[in-house]
Structure formats: structure tokens, C-alpha cells
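Colleague: predicted model and sequence below, questions to follow.
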Amino acid sequence: MSNQRSESLFERALKLIPGGVNSPVRAFRSVGGSPFFVKAAHGAYLTTADDTDLIDFVCTWGPAIHGHNHPIIKAAIAEALEKGTSFGTPNPLEVDMAELITRFVPSIKKVRMCSSGTEATMSAVRLARGFTKRDKIIKFSGCYHGHSDSLLIKAGSGALTHGHPDSAGIPASFARETIVLPYNDTACVDQAFAAYPDQIAGVIVEPYIGNVGFIKAKPGFLKHLSTVTTKHGALLIFDEVMTGFRLAKGGVQELEAITPDLTTLGKIIGGGLPVGAFGGRADVMDYLAPLGPVYQAGTLSGNPLALSAGIASLKLLESLNPYGRLNALGEQLSKAALTAAKTKGIALQAPQCGSMFSIFFSATEVTDYATALAADAVPYKKLFHSCLDNGVYLAPSAYEAGFLSTAHEGTAIDKACEVVSKAIISL
Ligand code: KE4
């Protein structure tokens, strides 16, 4: 592996990789500066190509709930590696994973593995359309469900609207089938179902949003989605790619006691390797090929090497049950930010649940996309770089969630709270 520094690696990358990155958020475009390259990661720390160690609050965007390179996950991968990397046939780990997922998430009676969260949500939407024989999908502005055409759409305003593509390359005819509504607004949901009777196949939602900063559902919002979808014969899809296994063993649906029809999963179930999954009601899942008319497939779906890491990660969660500890870490960081902001006299929100959090520079509570965008991104940029200069890596965007792991306990969280506090006070 190259021992070049980040700057020269980025110069080389820019020549051959669009924007020098394989995923846009890594490019630091919204916080400024050039991204650092990472050559190793252990526990709560990243080691950059410039030989600096950073306390990591991105956790590879969610998977690293046990910290990076956990010895038990590493050993599981090594054991699987001895037997080969991919078979293209059913393998025993697929059954083990299916049994784990259905045990953790009782609403999932049957599950299909794939290789990313995007595949999971794209497939769940197709399944909802095939099962209901309807075309329209409701999503919420600010929710990100991966980059499939039907879901890379968001409204420009809070009213009920036809989707406007959020990316070039998506035909208007596709966008028209996606209805985008404001999160936490039950009236708009009712309006949509009244405006499109018997046309809405499903409602897909991040039950707690992690992709416009961290935003929790208002009391009753998710229950309303469940009631209204049942009433109108549409399917409720919880996109728990980020929150699944992270905020509770059974995800947000466990915290909120909601039973969605379908759930999409990813990140943690790969233990750091590429895995996605979607599952739910057996009668719906049985519409999938080879049983039913909805086609979905994948060369590396159920890959034994990836599943070995994911199974080890889930079994660690089951044995450790770390959710109380993770919440305490999240509270410690959130309180440190709020206390520093109060000392400095600046308006700051630090929403947190378990090991997810974010920092908004806003005088008002952030409850949806509009209020998140109204928060001031300038001080966030300053906070980001001040923390980075002092060894703490926050999400490189004001509109992403932060993540903690069990490896943050002790010196890492204490140091990070000190750095974040000082950075806020120095704003
Ligand atoms: P992937 O295709 O990136 O595995 O998953 C897409 C996805 C689906 N649903 C939710 C709720 C998600 O958060 C994601 C992916 N999350 C982003 C972080 N905002 C991944 C990071 C990136 O795009 O580089």
C-alpha cells in the first residue's frame, strides 16, 4: 500500500476518480478543504496517511458500532476466508444471518440479503409496487434512502408536491411517481392519500432521520404512518439502514413499538463489509422471485465473507447489549456541546438518541428538512475544522449524523468532549 501523504494521494485520485472520491460526502465539499486519506483504523481511532490519529465520530457512516477492526469480527472474517470468498450458491451463513435478523427484528418474518442499503431500499420499493399493483411512493424531504432513481427525489417546499429530481439523469416521468412530504407532518400525509386514492404503493421513511443531521420523530408521527398506510392498503417501509441494530437491538421500531410492513437494513449487518437486507411480512416477501413476480437478484447477495463479519457484529450486540452504555456516551457528548454553547452564549441544538447525534447551530428545535437547512452551516464548518485540527473527526457535513461506538468509552470520549467544548467556545 502507498505510503504517500493525503495531499499527493488526493492529487492522484482526482485524475482518475470523479472528485477524487468514491462517494460524494467524503469530498469535504460542504465543509471546505481536502479530505484526508485513512490507512488504518482501530477502535475509536482512524490513522491517516499523514500519520495522525483521529477520534472518529463517523464510524464509516454507521457500521463500526463496536469500533474499527474489532478482534472478534476480524477473527470471523479470517475463519471465513479460509473457506473462500464467494460461492454463488446458498451457504450456511445466509441461514444463520436470516435467523439472527428475524430474531432481532420481530416484524421481519422473511428477509432477502443484498449488498448495500441502496439495493435494499430500491428492492423494497419495487416489492411494494409489485405487491400493491400501485405506482406512487411517499418519501419525506431530508430522508436519504440511497441513490436509486425513485428515491433520489425531494420536494422544494413543505406542501404536497410532485417530486423534483434531486439528481440529473432521473426522468421527470420517474419523479412524478414519488411524492415528497415534510417529515413529522401528519396533515400532509393525510392530504397525499386523499389526493391519490388507491395509487400509493408505500410510504418509506427513516423512522429517525440520520441524513439531514439527526432528527427524531415527533410523538405519534410514526404511529400515524402505520395507521394511514393500513387504512389505505399501502405498505409502510422503515428504512433502518442507519438506525437498525444501532438505536436498539430491534431498531427504532422497537423503541416506538411500531410494526412496519417492510424494513430495510444495512451498515451494521455487514460488520464493515458490503451487506444490505430487506424483509418483513411473509405474504409480501413471497412476491419476490423465484416465488413471485417481483424480480430482485445479486451476484454477491449473501456473500459468506461479508456475512461472517455481520453475524459476528450482531452476535456481539446480543451478548454485550451495549445500548445503555452507548446512550451514556451520546449524552456525554451532547451535554458537553450544549454546556459550551451556553457558556459562549450561542444558539445550538445537540439532538441525540443512543449513539447517534448531531450539532445544529440553530435557536429553534430542528424537526424537519426546512428547519435543518435554516440552521447556520458556517459555524459548523469552523467547528468541524477546529475539531479536526485537534484530533477529532466529526461528520464532514452539517447535514449528517454523528456516530459513537463502544470503543469510544473512556479516554476517547473524554478527550473528544474537551475538544468539542473548546472548539465551540472558540467560535
Ligand atoms: P448505501 O447504499 O450507502 O449502503 O446505503 C444507502 C442508505 C440507505 N438508507 C439510509 C437511511 C442511509 O443512511 C443510507 C446511506 N447513508 C449514507 C450516510 N448519509 C452513506 C454514506 C455515503 O453515502 O457515502
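Modeller: Cool, got the structure.
Colleague: the ligand contacts on the stretch 51-200 of the chain?
Modeller: By the criterion of Cβ under 6 Å from any ligand atom, the positions of the stretch 51-200 of the chain lying close to the ligand are W61, S116, G117, T118, T121, Y144, H145, G146. All C-beta spots, glycine's among them, are computed from the backbone N, C-alpha and C.
Colleague: if we use 5 Å, what do you get?
Modeller: W61, S116, G117, T118, H145, G146 (Cβ under 5 Å from any ligand atom).
Colleague: just the ones of those residues in helices?
Modeller: With helices identified by DSSP state H, the entries of these that belong to them are G117, T118.
Colleague: tabulate the residues of the stretch 51-200 of the chain next to the ligand (CSV), appending pLDDT and neighbour count.
Modeller: Formatted as CSV, the entries for those read as follows, by pLDDT from 0 to 100; neighbours: other Cβ atoms under 10 Å:
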residue, pLDDT, neighbour count
W61, 96, 20
S116, 98, 19
G117, 97, 30
T118, 96, 20
H145, 93, 27
G146, 92, 19
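Colleague: so which pair among the residues of the stretch 51-200 of the chain next to the ligand is furthest apart in space?
Modeller: Farthest apart among those by Cβ to Cβ are W61 and H145. That separation is 14.0 Å.
Colleague: from the residues of the stretch 51-200 of the chain next to the ligand, which is closest to L348?
Modeller: Among those, W61 lies closest to L348 (Cβ to Cβ), at 23.2 Å.
Colleague: I figured that closest one hits F403, correct?
Modeller: Yes. When contacts are counted by Cβ atoms under 8 Å, W61 is listed as touching F403 (7.4 Å).
Colleague: so what's L46 up against?
Modeller: The contact partners of L46, by Cβ atoms under 8 Å, 6 or more residues apart in numbering, come to V38, A40, D53, L54, D56, H68, Y393.
Colleague: what does G330 give?
Modeller: Q352, C353, G354, S355, M356, F357, L404.
Colleague: doesn't S334 make contact with the first one?
Modeller: Yes. With the criterion set as Cβ under 8 Å, Q352 and S334 qualify as a contacting pair; they are 4.0 Å apart.
Colleague: hang on, the earlier thing: now list the buried members of the contacts of L46.
Modeller: By the neighbour-count criterion of 16 or more other Cβ atoms under 10 Å, the contacts of L46 include these buried positions: V38, L54, D56, H68, Y393.
Colleague: filter these down to just the ones in strands.
Modeller: When those are checked against strands using DSSP state E, the ones located there are V38, L54, D56, Y393.
Colleague: got CSV for the residues you listed, with pLDDT too?
Modeller: Putting these into CSV (pLDDT from 0 to 100) gives the following:
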residue, pLDDT
V38, 98
L54, 98
D56, 98
Y393, 98
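Colleague: will you turn the residues you listed into TSV that also has distance to A128?
Modeller: Listed next are those as TSV, based on distance: Cβ to Cβ, whole Å:
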residue	distance to A128
V38	37
L54	40
D56	35
Y393	37
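Colleague: re earlier: pull the most distant pair out of the contacts of L46.
Modeller: Spatially, the most separated pair among these is A40 and Y393, at 14.0 Å (Cβ to Cβ).
Colleague: so Y287 is in contact with R129, correct?
Modeller: No. The pair formed by Y287 and R129 falls short of the contact definition of Cβ under 8 Å, at 10.2 Å.
Colleague: quick check: closest non-adjacent residue to S30.
Modeller: Leaving aside its chain neighbours, S30 sits nearest to S397 (4.5 Å; criterion: Cβ to Cβ, 6 or more residues apart in numbering).
Colleague: quick one: mean pLDDT for the strand or helix carrying A80?
Modeller: Assigned by DSSP states H and E, A80 belongs to helix 71-81. Averaged over helix 71-81, pLDDT sits at 98.
Colleague: in that helix, what's buried?
Modeller: Buried positions in helix 71-81, judged by neighbour count with 16+ other Cβ under 10 Å: I73, A76, I77, A80.
Colleague: what's the answer for stretch 244-257, then?
Modeller: Residues of stretch 244-257 classed as buried under the neighbour-count rule (16+ other Cβ under 10 Å) are 244-256.
Colleague: also stretch 135-153?
Modeller: When neighbours are counted by 16+ other Cβ under 10 Å, the buried residues of stretch 135-153 are found to be 136-153.
Colleague: out of those, list just those in helices.
Modeller: Among the buried residues of stretch 135-153, no member falls in helices (DSSP H).
Colleague: give the burial count for F221, as a bare number.
Modeller: Using other Cβ atoms under 10 Å, F221 is surrounded by 19 other residues.
Colleague: repeat for the one 5 residues further on
Modeller: When neighbours are defined as other Cβ under 10 Å, S226 has 19 of them.
Colleague: helix or strand: which one has it?
Modeller: Assigning secondary structure by DSSP H and E places S226 in helix 221-232.
Colleague: show me what contacts whichever residue of the stretch 51-200 of the chain sits closest to the ligand?
Modeller: With distances taken as Cβ to the nearest ligand atom, the stretch 51-200 of the chain approaches the ligand most closely at G117, which sits 2.4 Å away. If a contact means Cβ under 8 Å, 6+ apart, then G117 has H145, G146, D239, V241, M242, T264, L265, G266, K267, G276 as its contacts.
Colleague: which ones among the residues you listed are found in strands?
Modeller: With DSSP E as the criterion, strands contain D239, T264, L265, G276 from among the contacts of G117.
Colleague: from S405, how far out is the first one?
Modeller: Translated: D239. 22 Å (Cβ to Cβ, to the nearest Å).
Colleague: okay, the two: which has more neighbours?
Modeller: Neighbours were tallied for D239 and for S405 using other Cβ under 10 Å; the higher tally belongs to D239 (32 against 24).
Colleague: now do the contacts for that one.
Modeller: Listed by Cβ under 8 Å, 6+ apart, the contact set of D239 reads G117, T121, C143, H145, I204, V205, E206, P207, T263, T264.
Colleague: again with F104
Modeller: Contacts of F104 (Cβ under 8 Å, 6+ apart): F245, K249, G250, L314, E318.
Colleague: so which of the residues you listed comes closest to the ligand?
Modeller: Of all the contacts of F104, the one sitting nearest the ligand is F245; the distance, using Cβ to the nearest ligand atom, is 12.8 Å.
Colleague: grab the nearest non-local neighbour of the closest one.
Modeller: Once flanking residues are discounted, F245 sits nearest to I268: 4.4 Å by Cβ to Cβ, 6+ apart.
Colleague: can you give me the helices in this structure?
Modeller: Secondary structure of the chain (DSSP H): helices at 6-16, 71-81, 92-104, 117-132, 172-175, 186-195, 221-232, 252-256, 282-285, 304-320, 323-344, 369-374, 377-389, 411-425.
Colleague: right, I'll leave it there.
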